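# sequence unavailable; structure follows:
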């Protein structure tokens, strides 16, 4: 079982990801992140299981649903753009990382 993350870890992660957290979020995230990490380790264990690579007998089927838009156009755009460190219009400004002079 993974231990709970410390407050400093949460603050450091929020700084790295440039996400502002409320005091309540800082208090609740350690337990939530630990639970998420435990779940990821369970899923990783299943993915690493070579027994599941063998053919299996049983019914297999897909569940289909109709795709539908659940929000209005641009409903969240303003909120998302306001959280960006730098933006130009509707786009996030980022540091150039590729060299194009080759």
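Looks like it arrived, so ask away. Since this is a predicted model, take the numbers as computed values, not measurements.

# C-alpha only now, for contacts and for neighbours.
Noted.

# in whichever strand or helix holds residue 8, what's buried?
In the assignment (DSSP states H and E), residue 8 maps to helix 7-16. Residues of helix 7-16 classed as buried: residue 10 (neighbour count, 16 or more other CA atoms under 10 Å).

# rounded mean pLDDT for that helix, please.
Computed over helix 7-16, the mean pLDDT rounds to 90.

# the closest residue to residue 27 other than its chain neighbours: what's it in contact with?
Of all residues not flanking residue 27 in the chain, residue 7 sits nearest, at 7.4 Å (CA to CA, 6 or more residues apart in numbering). The contact partners of residue 7, by CA atoms under 8 Å, 6 or more residues apart in numbering, come to 26, 27, 30.

# buried ones among those?
If you count burial by 16+ other CA under 10 Å, the buried members of the contacts of residue 7 come out as 26, 30.

# wait, which of the contacts of residue 7 is closest to residue 87?
Within the set of the contacts of residue 7, residue 26 lies nearest residue 87; the separation is 26.3 Å, counting by CA to CA.

# can you show me the helices along this protein?
Listed from the start of the chain, the chain has helices (DSSP state H) covering 7-16, 23-47, 77-83.

# worst average pLDDT in the ones you listed?
Mean pLDDT is lowest for helix 23-47 among the helices of the chain, at a mean of 86.

# so which bits of that one are buried?
For helix 23-47, burial by neighbour count (16+ other CA under 10 Å) applies to 26, 29, 30, 34, 35.

# what does stretch 85-100 give?
Counting neighbours by 16+ other CA under 10 Å, one finds that stretch 85-100 has no buried residues.

# gap between that stretch and the chain center?
21 Å (CA atoms, centre = their mean, to the nearest Å).

# who's in contact with residue 87?
When contacts are counted by CA under 8 Å, 6+ apart, residue 87 is found next to 81, 93.

# who does it form a beta bridge with?
For residue 87, the beta-bridge assignment (DSSP bridges) gives partners residue 92.

# state the distance from it to residue 95.
For residue 87, the distance to residue 95 (CA to CA, to the nearest Å) stands at 12 Å.

# also residue 44?
The gap separating residue 44 from residue 95 is 33 Å, by CA to CA.
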